[in-house]
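> Could you look at this predicted model? Sequence included:
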Amino acid sequence: MSTTGRKLDHIKIVSNEKVEAKEKTTLLEEVELIHNSLPGLDRDSIDVNIELFGKKLKIPFLISGMTGGHPDAEKFNLALAEAAEQSGSAFGLGSQRAMLEDKSLSSTYKVRSVAPTALIFGNIGIPQISEYSPSDISSMLDDVGADALAVHLNPLQESVQPEGDVDMVGLAASLKDLVKELGFPVIVKETGAGISKDVAKILIDCGVSAIDTGGAGGTSFAAVELFRKEGNELSEFWDWGIPTAASILEIRAVSKEIPLIATGGIRSGLDVAKAIALGANVVGMAGPMIKAATKGSAEVLLEIEKLRKSLGTAMFLCGASKLSELVRDKTILNGALRSWQDQRGL
Ligand SMILES: Cc1cc2nc3c(=O)[nH]c(=O)nc-3n(C[C@H](O)[C@H](O)[C@H](O)COP(=O)(O)O)c2cc1C
């Protein structure tokens, strides 16, 4: 199947089927934020601004990369990007592989008309960085006006996908070369199976500018691919991966400084607050955003405004007047997350 057909399948499946993790969770439910009964703050003046790659976000939120490459994808990208612009969020395009294969599809990724100032990430899968030169990738980013490149890692999806590419030899070296030559910040993200401290160390050694957990507990790409091919014998991998909360701890065990985006199963403003308290700078969401986008940009904006309100409430109840006051030493880690932390020496 073509790249564009596959991407459209993904949106249909995520919108119509239950493709969230089944038994696995993000483990954010194991994070307790300490209540402050005397916050001494005005809830309505809590500051949730943050800067990333030189651009100001009015909420520490990213609509994670999902789509592009098909005429139907264009309207989703426009709806999502417009809501990102209006809410002051960042916006990720889906894999731009389709436009590398067929330049005429580049219009389906062009959203600057509705998002002139938003922080926008281009997107490519790691297997493609050895197929295309840094200058091809740089022109791809220039063409859509992106500010940075997100490179996605998806060995789980490639393993379960009937036409998957499972030769990943030498890709870290290709990543290192790309980072050196590209001239754009490079973020590396997972797509629902999380990043461990060992992988984070390799990425940091490659010189990446940010890491996105893309952790387990939300959309399961193994599930999405299983819906594409009924009877797929790999169904036991539905819940595979490192839970998002654990992945934040893993990455922060390697670097306290690297900008960290927490994506994967984030479903409320309280989740956002917990992820930030664990060490994330920005938090991303994919599945629920594409579902909202089927109803249009206003619905996406509504979802983001709900998040903003609930993040503000969580911060108020913690006595945090700004994001930097949501900190790890004001959290309690329970049960499975505490056990993960202990066993991994984090
Ligand atoms: C319909 C759909 C398409 C996606 N396509 C891409 C993609 O092209 N590139 C990418 O890096 N991640 C892609 N993802 C992964 C998301 O960016 C995100 O990492 C993952 O879905 C976990 O977040 P969630 O639980 O909030 O959905 C896609 C996710 C969905 C739901």
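Right, received. Where do you want to start?
> Spit out the contact partners of the closest residue to the ligand within the stretch 201-346 of the chain.
Nearest residue of the stretch 201-346 of the chain to the ligand (Cβ to the nearest ligand atom) works out as residue 218 at 2.1 Å. The way it works is simple: take the backbone N, C-alpha and C, and place the C-beta from them, glycine included. Residues counted as contacts of residue 218 (Cβ atoms under 8 Å, 6 or more residues apart in numbering) are 20-21, 26, 192, 244, 263-267, 286-287.
> which helices and strands sit right next to the helix or strand of the chain with the lowest mean pLDDT?
Ranking every helix and strand in the chain by mean pLDDT, DSSP states H and E puts helix 3-16 at the bottom, with a mean of 81. Other helices and strands packing on helix 3-16, by 3 or more Cβ pairs under 8 Å, 6 or more residues apart in numbering; DSSP states H and E, are helix 71-87, helix 97-101, helix 221-228, helix 287-293.
> Sheet-wise, list the partners of whatever helix or strand comes next after it with their directions.
Per DSSP states H and E, the first helix or strand lying C-terminal to helix 3-16 is strand 31-33. Partners of strand 31-33 in the sheet, by DSSP bridges, are strand 331-333 (antiparallel).
> got JSON lines for the helices and strands packed on helix 3-16, with distance to the ligand too?
Formatted as JSON lines, the helices and strands packed on helix 3-16 follow (distance: least, Cβ to the nearest ligand atom, whole Å):
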{"stretch": "helix 71-87", "distance to the ligand": "9"}
{"stretch": "helix 97-101", "distance to the ligand": "8"}
{"stretch": "helix 221-228", "distance to the ligand": "7"}
{"stretch": "helix 287-293", "distance to the ligand": "3"}
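> Could you dump these into TSV with distance to residue 42, mean pLDDT and mean neighbour count added?
Formatted as TSV, the helices and strands packed on helix 3-16 follow (distance: least, Cβ to Cβ, whole Å; pLDDT from 0 to 100; neighbours: other Cβ atoms under 10 Å):
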stretch	distance to residue 42	mean pLDDT	mean neighbour count
helix 71-87	21	95	22
helix 97-101	47	95	21
helix 221-228	42	84	23
helix 287-293	30	96	22
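> Between the ones you listed, which one is closest to residue 38.
Residue 38 lies closest to helix 71-87 among those, at 30.9 Å (Cβ to Cβ).
> for the closest one, packing partners?
Secondary-structure packing of helix 71-87 (3+ Cβ pairs under 8 Å, 6+ apart): helix 3-16, strand 61-63, strand 90-92, helix 287-293, helix 297-318.
> Buried deepest among these, which one?
Of all those, strand 61-63 has the most neighbours on average by mean count of other Cβ atoms under 10 Å, namely a mean of 29.
> quick one, the least confident helix or strand of the chain and helix 71-87 angle?
60 degrees (axes from the mean of the first three to the mean of the last three Cα atoms, to 10 degrees).
> related to what we said a few turns ago, now the helices and strands packed on helix 71-87 as JSON lines including distance to residue 204?
Below are those laid out as JSON lines (distance: least, Cβ to Cβ, whole Å):
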{"stretch": "helix 3-16", "distance to residue 204": "30"}
{"stretch": "strand 61-63", "distance to residue 204": "20"}
{"stretch": "strand 90-92", "distance to residue 204": "21"}
{"stretch": "helix 287-293", "distance to residue 204": "28"}
{"stretch": "helix 297-318", "distance to residue 204": "28"}
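> hang on, residue 114 packs against residue 85?
Yes - between residue 114 and residue 85 there is a contact at 6.3 Å, judged by Cβ atoms under 8 Å.
> show me the contacts for the nearest residue to residue 338 once chain neighbours are set aside.
Sequence neighbours aside, residue 30 is the residue nearest to residue 338 in space, at 7.0 Å (criterion: Cβ to Cβ, 6 or more residues apart in numbering). Applying Cβ under 8 Å, 6+ apart to residue 30 gives the contacts 245, 333-338.
> does any part of stretch 156-166 sit near the ligand?
No - applying Cβ under 6 Å from any ligand atom, one finds stretch 156-166 separated from the ligand by no less than 8.9 Å.
> pLDDT (mean, whole number) over that stretch?
In this model, stretch 156-166 has an average pLDDT of 84.
> which residues does residue 345 contact?
residue 253.
> at 10 Å what do you get?
Applying Cβ atoms under 10 Å, 6 or more residues apart in numbering to residue 345 gives the contacts 197, 253.
> Need the pLDDT of it.
For residue 345, the model assigns a pLDDT of 97.
> sorry, back to before: so for residue 135, which of the helices and strands packed on helix 3-16 sits nearest?
Closest to residue 135 of the helices and strands packed on helix 3-16 is helix 97-101 (Cβ to Cβ; 12.1 Å).
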